[in-house]
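Peer 1: below: sequence and its predicted model.
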Number of protein chains: 2
Amino acid sequence: MLLNAMTKEELLKFKTELEEQYKDFQSKGLKLDMSRGKPSSSQLDLSMDMLDCLTSKDVLKAEDGTDCRNYGVLDGIAEAKKLFAEMISVNTDEIIIGGNSSLNMMYDAVAKAFTFGVVDSEKPWSKYDEIKFLCPAPGYDRHFAICESFGIKMITVPMKKDGPDMDMIEKLVSSDETIKGIWCVPMYSNPDGITYSDETVKRFANLLPKAADFRIFWDNAYCVHHLTDKPSKLLNILDECKRAGNPNMVYVFGSTAKVTFAGAGVAMMGSSKENTDYIKKLMSIQTIGSDKINQLRHVKYFSDFNGIVEHMKKHKDIIAPKFDAVLEKLEKEIKPLGIGEWHKPVGGYFISFNTMEGCAKRVVQLCKEAGVVLTPAGATFPYGKDPEDKNIRIAPTFPPVAELETAMDLFCLCVKIASAEKLS
Amino acid sequence: MLLNAMTKEELLKFKTELEEQYKDFQSKGLKLDMSRGKPSSSQLDLSMDMLDCLTSKDVLKAEDGTDCRNYGVLDGIAEAKKLFAEMISVNTDEIIIGGNSSLNMMYDAVAKAFTFGVVDSEKPWSKYDEIKFLCPAPGYDRHFAICESFGIKMITVPMKKDGPDMDMIEKLVSSDETIKGIWCVPMYSNPDGITYSDETVKRFANLLPKAADFRIFWDNAYCVHHLTDKPSKLLNILDECKRAGNPNMVYVFGSTAKVTFAGAGVAMMGSSKENTDYIKKLMSIQTIGSDKINQLRHVKYFSDFNGIVEHMKKHKDIIAPKFDAVLEKLEKEIKPLGIGEWHKPVGGYFISFNTMEGCAKRVVQLCKEAGVVLTPAGATFPYGKDPEDKNIRIAPTFPPVAELETAMDLFCLCVKIASAEKLS
């Protein structure tokens, strides 16, 4: 029975029963964390052999003879460039290998644009009274946090089934010179799990921004993170940008954080040669280069891109059942009541759940008070403000399945309570 | 015989002989690089066992249970903080463990001051028409490059026998609100090899800068890099700053770049708790944390600070003879002619050589044309301009001793030629 079809009496009875169940949960003393998209320890176990790739018995030289133990090589050893260029779909002269964090590379790209401008800038972004970024939402809270930190005004762009609202984006960027960027997670988006359609990618590549120094921050964090045997396909944005005569418009980011070790992977950025040359010139003042031993370790472990693809299948085998567990609970507990919306992602790290309007904060609060921490409601929107208070990001990867099921039982219960409160 | 005591004829004859020798060198087809302070491969070999500290058989957990393979821990695992806090002489709640590059941490500290200001800033440094840094010189070219990149005006401060000219520094910082920082390599300075005297450190700590947001960038790169069994001692700057009521005035930097692997070590920064808390808050937007596996690897390898001290003795055994080889050549070839000045460093990575006025560029050029690359003359001064064209930074660590001796034979020859040219 749909919740909104219940009579007042039915609803009251329903709610009273739920509150009893909730008390039971509270007495269990749960302490579960589903707040972040973290790999589980069994996923991390998958890469342990990588630690044996380089030992005291190995010669730590790159193909070209570079001693990976010593200083040098600003943008990464050639074999790491080759491996990861294929992963993020750019040429080997269009990639910069960074440290362990693609977030750091994105932050630095914004920071450098602020202080020095980008290739096509008239002046550094900090010299404007105000600049703006477009923020497809729900989206990734850490992207929005960078904007907030730099005082960049964020404009929310709604997400649709095949990517962000391109009509709105085209209109905005072509008319406002102070719109300097947009955040995109184009494949298995965070949190919706949507892969941008070919048309969406082409419309991105063919944007006619009023600002010559407008940049698309294309965070391809989940490019190899499939949950099925039939991966989604994402059109190559850099190729499309070149074709459209906009080769400098996009910065692509990727990392092995959720491929090997989340704390000790390899991050990378790709862009036009003109962009990467410019960034490398600025970087040459900042560092002598990233950790080449870790680059070599990754290259030795994977051999080639196919090694990464095969490795990711093992991740899939561990996490796909977790996604299924979440979806089954939602299907069983929420769907019949008509009090929530979601869809089944085929890749990435999240399930995006929409409550009835105005219920998300209450659900997160109820979960927290019974021992399950979720990403704060609103976090998936600029300034942490979900205008409809609906979206909750569910991160199923970290907890073991048993814990996840308990957490989801509580979650579903809390959705019911919050919905019943709303309708009462 | 002193060169300047020669008659015209003697000088001409001397020069002609030298030019013959120079031609011989040119015909050898040398290809030696003494341009950077890089460890040699035998030094890097010293740390190879570190690669065996963490294998697939090990549990990669920190003392507090943190899984070092996963996300988290912005400022470093507790045991790494403990180890490196002792190395750079700060408390464990006053340290931030970074990635592989202390240069990167210095750059980021300047970048953040530019965009956000520091703890005591009225406004971000980028909001001034111009800011200035004091640059003790000869000094480290990469420090100066950061200033140049950010458009910070550099004021050269002469180096004396016990550190920079403190009279000048005191006078300048107390009168000019736009002087926001100073670069220091306080121990075994780059390139002079001077360790600041206690009095110098105390005068630094007791500065009364007109700018409340003046910061001392204390690059303690060589704090454990002794060349003798009787290490120099450097007074604890942070303690002295606290004592003087200036706890926020200093940022201390260090790294294991020249302890373990130059490309894959661990960098760190220390400062007052107020400063580090402030920086961590900004950093929390930039990254989820640095490579904890590499931190754990370092901790396991060294166990404690004494492990680092012992390890550095092995470095000393390799590089002290190289310093000796350089000094012997200078002693034998240059001293009798009175055409250069230097002193014997007891730590660090360089020998600072001063030619007769106006000869440094010519010496570097002559060396280059016979196959030995030195750090460009002038590099040790702001804007690459040595006002007296005297200083050349000799970096003896990288080449094997035999190569080093050949290179020094050429170097001495070039000094003689340039000096003879000058006197002719």
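Peer 2: Great, that's in hand. Bear in mind the structure is a predicted one, so any value in this text is a computation, not a measurement.

Peer 1: which bits of the stretch 151-300 of chain A sit near chain B?
Peer 2: A:257, A:261-264, A:282, A:285-294 (C-beta under 8 Å from any C-beta of the partner chain). All C-beta atoms are positioned from the backbone trio N, CA, C, and that covers glycine.

Peer 1: could you give the average pLDDT over the strand or helix carrying A:Pro136?
Peer 2: A:Pro136 belongs to strand A:132-137 when assigned by DSSP states H and E. For strand A:132-137, mean pLDDT is 98.

Peer 1: again, but for stretch A:165-174
Peer 2: 98.

Peer 1: what's the burial count for A:Lys335?
Peer 2: 12 (other C-beta atoms under 10 Å in any protein chain shown).

Peer 1: for A:Gly163, that is, sorry about that
Peer 2: Around A:Gly163 there are 23 residues (other C-beta under 10 Å).

Peer 1: which ones are touching it?
Peer 2: A:Pro136, A:Pro186, A:Ser189, A:Ile194, A:Tyr196, A:Ser197, A:Thr200, A:Val201 (C-beta atoms under 8 Å, 6 or more residues apart in numbering or on different chains).

Peer 1: any quick ChimeraX command for the buried ones out of those residues?
Peer 2: Command for ChimeraX that selects the buried part of the contacts of A:Gly163, burial taken from 16 or more other C-beta atoms under 10 Å in any protein chain shown:
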select /A:136,186,189,194,196,197,200,201
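
Peer 1: now flag whichever of the contacts of A:Gly163 is closest to A:Glu130.
Peer 2: Nearest to A:Glu130 among those: A:Pro136, at 20.3 Å, using C-beta to C-beta.

Peer 1: disregarding residues adjacent in the polypeptide, which is nearest to that closest one?
Peer 2: In space, and not counting its chain neighbours, A:Pro136 is closest to A:Pro164: 3.7 Å by C-beta to C-beta, 6 or more residues apart in numbering or on different chains.

Peer 1: need the contact list for the one you found.
Peer 2: Taking C-beta under 8 Å, 6+ apart, one finds A:Leu134, A:Pro136, A:Val157, A:Pro158, A:Ile182, A:Cys184, A:Tyr196, A:Thr200 in contact with A:Pro164.

Peer 1: ok, now A:His298?
Peer 2: A:Met50, A:Ala80, A:Leu83, A:Thr256, A:Thr260, A:Gly265, A:Val266.

Peer 1: counting neighbours, which bits of the helix or strand it falls within end up buried?
Peer 2: Using DSSP H and E, A:His298 falls within helix A:292-302. Buried positions in helix A:292-302, judged by neighbour count with 16+ other C-beta under 10 Å: A:Lys292, A:Ile293, A:Asn294, A:Gln295, A:Leu296, A:Arg297, A:His298, A:Val299, A:Tyr301, A:Phe302.

Peer 1: ok, what's across the strand from A:Ile96?
Peer 2: A:Met269 (DSSP bridges).

Peer 1: what about it, neighbour count?
Peer 2: 22.

Peer 1: the one 10 residues further on now?
Peer 2: Residue neighbour count, defined by other C-beta under 10 Å, stands at 22 for A:Met106.

Peer 1: pretty sure it is touching A:Val252, no?
Peer 2: No: under the criterion of C-beta atoms under 8 Å, A:Met106 is not in contact with A:Val252, lying 10.6 Å apart.

Peer 1: so A:Arg393 makes contact with A:Asn354?
Peer 2: No: using C-beta under 8 Å as the test, A:Arg393 is too far from A:Asn354 to be in contact (10.7 Å).

Peer 1: of these two, which one has the most company?
Peer 2: Neighbours of A:Arg393 and A:Asn354, each counted by other C-beta under 10 Å, are more numerous for A:Arg393; the result is 27 against 18.

Peer 1: so who does the more buried one touch?
Peer 2: A:Pro138, A:Asn190, A:Pro191, A:Phe350, A:Ile351, A:Ser352, A:Phe353, A:Leu374, A:Thr375, A:Ala379, A:Thr380.

Peer 1: and those residues, which is closest to A:Ser102?
Peer 2: The closest of those, once distances to A:Ser102 are taken by C-beta to C-beta, is A:Asn190, at 12.6 Å.

Peer 1: please report the distance of that closest one from A:Cys184.
Peer 2: 10 Å (C-beta to C-beta, to the nearest Å).

Peer 1: comparing the two, which residue is more hemmed in?
Peer 2: A count of neighbours by other C-beta under 10 Å puts A:Cys184 above the other of A:Asn190 and A:Cys184, at 29 against 25.

Peer 1: specify the beta-bridge partners of the more buried one.
Peer 2: Applying DSSP bridges, one finds that A:Cys184 bridges with A:Trp218.

Peer 1: which residues does it contact?
Peer 2: For A:Cys184, the contacting residues are A:Pro136, A:Pro164, A:Tyr196, A:Phe204, A:Ile216, A:Phe217, A:Trp218, A:Asp219, by C-beta under 8 Å, 6+ apart.

Peer 1: A:Leu172 touches A:Thr156, doesn't it?
Peer 2: No: under the criterion of C-beta under 8 Å, A:Leu172 is not in contact with A:Thr156, lying 11.1 Å apart.

Peer 1: so which residues of chain A form helices?
Peer 2: A:8-27, A:41-45, A:78-88, A:102-116, A:141-150, A:166-175, A:198-205, A:237-243, A:273-286, A:292-302, A:305-329, A:360-369, A:401-423 (DSSP state H).

Peer 1: which of those sits closest to B:Lys385?
Peer 2: helix A:273-286 (18.0 Å).

Peer 1: what angle sits between the closest one and helix B:102-116?
Peer 2: If you take axes from the mean of the first three to the mean of the last three C-alpha atoms, to 10 degrees, helix A:273-286 sits at 100 degrees to helix B:102-116.

Peer 1: quick one, what contacts A:Lys81?
Peer 2: A:Lys81 touches A:Asp75, A:Thr92, A:Ile95, A:Ile97, counting by C-beta under 8 Å, 6+ apart.

Peer 1: out of the residues you listed, who's nearest chain B?
Peer 2: A:Ile97 (12.1 Å; C-beta to the nearest C-beta).

Peer 1: next up, the contacts around the nearest residue to the closest one once chain neighbours are set aside.
Peer 2: Nearest residue to A:Ile97, sequence neighbours excluded (C-beta to C-beta, 6+ apart): A:Gly76, at 2.6 Å. By C-beta under 8 Å, 6+ apart, the residues touching A:Gly76 are A:Phe84, A:Ile95, A:Ile96, A:Ile97, A:Gly98, A:Met268, A:Gly289, A:Ser290, A:Lys292, A:Gln295.

Peer 1: over to A:Trp342?
Peer 2: Contacts of A:Trp342 (C-beta under 8 Å, 6+ apart): A:Leu327, A:Leu330, A:Ile351, A:Ser352, A:Phe353, A:Asn354.

Peer 1: closest residue of the stretch 301-424 of chain A to chain B?
Peer 2: Counting by C-beta to the nearest C-beta, the stretch 301-424 of chain A gets nearest to chain B through A:Phe398 (8.6 Å).

Peer 1: OK, contacts around that residue?
Peer 2: A:Phe398 neighbours (C-beta under 8 Å, 6+ apart): A:Asp33, A:Met34, A:Arg36, A:Lys38, A:Pro39, A:Ser40.

Peer 1: A:Ser89 now?
Peer 2: A:Cys223, A:Asn236, A:Leu238, A:Asp239, A:Val252, A:Gly270.

Peer 1: which bits of the stretch 1-150 of chain A sit near chain B?
Peer 2: Counting by C-beta under 8 Å from any C-beta, the residues of the stretch 1-150 of chain A near chain B are A:36, A:38-39, A:41, A:44, A:47-49, A:51-52, A:54-56, A:58, A:67-73, A:99-101, A:103-104, A:107-108, A:111, A:114-116, A:126, A:142, A:145-146, A:148-150.
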